[in-house]
Each structure stands twice: as C-alpha cells, then as structure tokens.
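Visitor: the sequence and its predicted three-dimensional model are supplied below.
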Amino acid sequence: MKNTGLRLFVSEKIKLMPDNRIILHLDMDYFFAQCEEREHPELKGKPVVICVYSGRAGDSGAVSTSNYEARKFGIKAGMPISRAKKLNPDAIFLPVNMELYRSISDEIMEILRGFSDIVEQESIDEAFCDITGKVADFGEAKKLAAQIKDAIKQKVGLTCSAGVGPNKLVAKIASDFKKPDGLTIVKPEEVSQFLEPLKVTDIIGVGKKTGERLNELGINTIGDLSKLSPGELIREFGQAKGTWMKQASQGIDTSPVQERQGTEQIGRITTLKEDTLDMKVILETIDRLSGEVSGKLEERKLSFRSVTFVGISADFKTHTKSRTLGASAKDAGTIKRVAKELAKDFLVQHPTALRRVGVRVENFSSEKAQTTLGEF
Ligand code: DGT
Ligand code: CA
C-alpha cells in the first residue's frame, strides 16, 4: 500500500510539472579579454582591460570588460577608463576589436549548432540550446555540456561556463553560478533549493531598481520572493510583472528556445602560415574557407544575401569588406567569386601583409521558404 501511495504521489508530481525540457545556457568567460589573450598569449596572467574609447582626447571612454586578474583590482565593465587606470596603472589597456570577437563568436555558435538543432544566440558570447531531444536525462546532459565545453576549448581555445536546467531561466542562472570554466547542473527537483539563497537580482529581468524596491520591502533572496503571494506582487509591480515575478521566483519559465532571425552569420577564419601579401596564397585560402562555409550552409539548407571578406593584418587590425547580392544565393561558387573580388579590392586599397583571413555570409533565408514563394 505504502509503495503504491508513493508511486501515485511521484507520478502525480511528474504530471503537474510545468516543464520537462532540458535546456543548456552557455556564457563565454571574460569574452573580449579572453579573445585578446588568445591572440596575444604573452598577456596571459596579466591584468587586461578592454576599452571603448569615446574618440575624444585622452582616456575618455568606458571599460567594456576585463579579465579576472584585472577584476581583482576592482576594474569592471562600464566604469570610466580613467578610473580603471587609477585602480591599476600597470594593467594592459586595449581598444575593442569587434571584428575579431565576432569571428570567434561565429566559430563558437557553429560548434553549438553541431551539438544542438535548436540554438538561440542571446548575445555575442551567450546562447541557449534546447537539448531535450539529444539526451535522456540530466546525467547525460551533464556529459554533453562537458563535451561542448571541451570542443570549444580544443577548437577555439577559450573557456566558458555552462548551466543546465529545466528551462531558460534556471539554465541562465546556473551558468552564472560558477565562473570561470564552470558547469552547473540543476535538476527539476533541485530548482527550489538552488534558487532559494540567491539574490533577487540573479533572476534575469529583475533589474537594479526592482531589486532595490524588493530589498526595501525586506525581500532579499529568491526564496523570500517566492513566499510572497501573487496578489502582493501584482499590487506592487502591476499585473504582468507581478505574475511573472511570482513564477520566476519558483523557477517556472515556459519560454521556448528559438533561433533569432537576422542576427545569424556563418563564417570561417584561419591564421596564415606567415604574414603575407601574396595574392595567390590569400585567394587559395579564400577558396578553402568558402568551401567550408558552403558546406555549413548546405547542412542547414540556407541561402545567403551578403558576403564579407575579413582580413586581420600583421598589426592585429581587423578589416572587412562586404557586398549584398541582388538575390539570394547558396552555392560555393558565388561565395568564392565575391569573397575573392572583395579581397582583391581590399588589397589594392590597403597593401598590407595579412595574418588571418576569413570569409563570412549572412542575411539568410531558408530554401524551404524560397520554394514556397516560387510556387505562388
Ligand atoms: P563574464 O561572463 O563575467 O566572465 O565576463 P564577460 O566579459 O564575458 O561579460 P558578459 O558576458 O557580461 O559580456 C560579454 C561581452 O560583452 C564582454 O566581454 C564585453 C561586452 N560587454 C559587457 N558589458 C559591457 C559594457 O558595459 N559595455 C561594453 N561596451 N561592452 C560590454
Ligand atoms: Ca560572458
């Protein structure tokens, strides 16, 4: 009798569970600064600060990010560069090199797509994957997450932190739980215990202002928040936000992982054997990279509208040249032809030795959608 009762209780609980998905969130560690460390290994172990200079005189501008060595001195994203320099005048200050970070981000997103069919790129260095269909349980999910971290380390040379949970809300908090190089798994039955001691502002969507208001009300942890009635939260924050906060505090989130349209690009970049201006070497490299890009497009049945040539010169400056086509294309021939034309144009205008060369396509449409259009 006892056993039957227990079984009944368990199956009831499973039926009532709002979510039976397995979601992974991945966040690269100190991303821009780690990209620079990869490009300049001599920076490793030193405090590195990545800066957005305002273009005005001197050190006017803000810190974009810093590595963990620099964070030990209190240097943080968003602070004025002048303040960071006071905190540690000996740190290495570098300007943002967005093209480099974008191309590394592309490589990472492609690796993720190799492991998961459903990838939602959330920012340059973060993504969600719905791996429900790929693994049987959270034990397998942990192994898969470790494999993904490994692949990124091996192929791209960077570390990241991953979180796995029953939904996006929990997965995201989990990836932030242990950094750098962390891996945190939160099974559905562990969600309440995991969230309880965390700060209310650890919930993505509970910003600084809401956090301060909650603190004034004596609500500091997610556990405190979960004890409030929906009515109390709605009275304070309005219907939509109050209802959402109640759910979030209980670790409930039904939002799907979905591809974001228009932000996607597929690219390949490689380091040449030596810095060179030799057109033959550069064009041969473009041929090879274009073939790889086209292979990826074929796998995903995508057509593209624009092609970009990326050249990183010996002084580490990144240069790009792009062209938008009159109509969508999907063949390797078009990528090769356009990328080579762009490379030639670039080298005529900037006769500078290149260290790395890349090819990228974007503005996608799916072949399926095109066929449908054609039928009309
Ligand atoms: P993490 O994730 O704590 O190890 O460190 P990051 O640097 O990866 O920080 P994250 O994930 O918040 O942001 C990813 C990149 O976005 C970061 O490397 C630089 C850029 N970024 C972040 N916050 C700011 C900011 O306040 N201003 C500017 N310009 N860029 C930022
Ligand atoms: Ca990050």
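Guide: Done, it's in. Ligands and ions are numbered 1, 2, ... in the order given.
Visitor: the closest residue to Ser116 other than its chain neighbours bridge partners, please.
Guide: Once flanking residues are discounted, Ser116 sits nearest to Cys129: 3.7 Å by Cβ to Cβ, 6 or more residues apart in numbering. In this view, the C-beta of every residue, glycine as well, is placed from N, C-alpha and C. Residues in a beta bridge with Cys129, per DSSP bridges, are Leu24, Val119.
Visitor: what's near enough to touch Cys129?
Guide: 23-26, 112, 115-116, 118-120, 257 (Cβ atoms under 8 Å, 6 or more residues apart in numbering).
Visitor: other SSEs contacting the helix or strand that Thr308 is a member of?
Guide: Per DSSP states H and E: Thr308 is located in strand 302-313. Judged by 3 or more Cβ pairs under 8 Å, 6 or more residues apart in numbering; DSSP states H and E, strand 302-313 is in contact with helix 98-115, strand 265-276, helix 279-300, strand 318-329, helix 332-349, strand 354-362, strand 365-366, helix 367-375.
Visitor: packed most tightly, which of those would that be?
Guide: Using mean count of other Cβ atoms under 10 Å, the stretch among those with the largest mean neighbour count is strand 354-362, at a mean of 24.
Visitor: buried set for stretch 308-321?
Guide: Under the neighbour-count criterion of 16 or more other Cβ atoms under 10 Å, stretch 308-321 has 308-313, 318-321 buried.
Visitor: list just the nearest of those residues to ligand 2.
Guide: Thr318 (20.4 Å; Cβ to the ion).
Visitor: lowest pLDDT pick from the contacts of Cys129?
Guide: Note: of these, the lowest pLDDT belongs to Ile118, at 87.
Visitor: thought Glu259 was touching that one, still the case?
Guide: Yes: using Cβ atoms under 8 Å, Ile118 is in contact with Glu259, at 7.3 Å.
Visitor: who has more neighbours, these two?
Guide: Neighbour totals were compared for Ile118 and Glu259, and Ile118 leads with 17 against 14 (other Cβ atoms under 10 Å).
Visitor: now that one: closest residue in space, sequence neighbours ignored.
Guide: Asp130 is the one closest to Ile118 (Cβ to Cβ, 6+ apart), at 4.1 Å.
Visitor: quick one: contacts for that neighbour?
Guide: 21-23, 116, 118, 256-257.
Visitor: let's see that with 6 Å instead.
Guide: 23, 118, 257 (Cβ atoms under 6 Å, 6 or more residues apart in numbering).
Visitor: make TSV out of the residues you listed and add distance to ligand 1.
Guide: Output for the contacts of Asp130, formatted as TSV (distance: Cβ to the nearest ligand atom, whole Å):
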residue	distance to ligand 1
Ile23	18
Ile118	21
Val257	18
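Visitor: between the residues you listed, which is nearest Leu272?
Guide: Nearest to Leu272 among the contacts of Asp130: Ile118, at 35.4 Å, using Cβ to Cβ.
Visitor: just the CA atoms of stretch 320-336, as PDB, please.
Guide: The C-alpha coordinates for stretch 320-336 follow below in PDB (Å, rounded to 0.1, in the frame of the first residue of the first chain):
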ATOM      1  CA  THR A 320      36.300  43.900 -43.500                       C
ATOM      2  CA  LYS A 321      34.700  44.300 -46.900                       C
ATOM      3  CA  SER A 322      31.100  43.200 -47.600                       C
ATOM      4  CA  ARG A 323      28.700  43.000 -50.500                       C
ATOM      5  CA  THR A 324      25.000  42.500 -50.600                       C
ATOM      6  CA  LEU A 325      23.800  40.500 -53.600                       C
ATOM      7  CA  GLY A 326      20.900  41.400 -55.800                       C
ATOM      8  CA  ALA A 327      19.300  38.000 -55.000                       C
ATOM      9  CA  SER A 328      19.800  35.100 -52.600                       C
ATOM     10  CA  ALA A 329      22.400  32.500 -53.500                       C
ATOM     11  CA  LYS A 330      23.500  29.300 -51.900                       C
ATOM     12  CA  ASP A 331      26.400  27.900 -54.000                       C
ATOM     13  CA  ALA A 332      30.100  27.800 -53.100                       C
ATOM     14  CA  GLY A 333      31.000  29.400 -56.400                       C
ATOM     15  CA  THR A 334      29.200  32.700 -55.500                       C
ATOM     16  CA  ILE A 335      30.900  32.800 -52.100                       C
ATOM     17  CA  LYS A 336      34.300  32.200 -53.700                       C
END
